[in-house]
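Colleague: no FASTA, just this:
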């Protein structure tokens, strides 16, 4: 969050973390052009992507790190999931924001 988007590595992949849109400062707004909302909208257009998932990162090969909602409340589960473009399924990642 301190860098508002960056890269991270897991055992299986390198990920580009999507920034949060920050329109309060023109200097930081330029760095947040590929923000979470925009990238989630693009991901939801991909066949098989969970329509209620929020995309937070991409590996550049079609896979995403996502948050999924918990139940009907709309609250996002803090367990990060990896959505695979090949299987069109999510599986838990080693990342967790609890």
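Modeller: Sure thing, it's come through. This structure is a prediction, so every number in the text was calculated from the model and none was measured. Residues are numbered from 1 along each chain as shown.
Colleague: contacts, neighbours, all on C-alpha from now
Modeller: OK.
Colleague: neighbours around residue 10, how many?
Modeller: The number of residues packed near residue 10 is 10, by other Cα atoms under 10 Å.
Colleague: any idea how far the nearest residue to residue 58 once chain neighbours are set aside is from residue 72?
Modeller: In this structure, residue 58 finds its nearest non-sequential neighbour in residue 64, 4.5 Å apart by Cα to Cα, 6 or more residues apart in numbering. Relative to residue 72, residue 64 is positioned 23 Å away (criterion: Cα to Cα, to the nearest Å).
Colleague: and those two? which has more neighbours close in?
Modeller: residue 64 (26 against 6).
Colleague: hey, which helix or strand in this structure has the poorest pLDDT?
Modeller: For the chain, using mean pLDDT, DSSP states H and E, the weakest element among its helices and strands is helix 26-29, scoring a mean of 68.
Colleague: After that one, heading C-terminal, what element do we hit next?
Modeller: helix 36-44 (DSSP states H and E).
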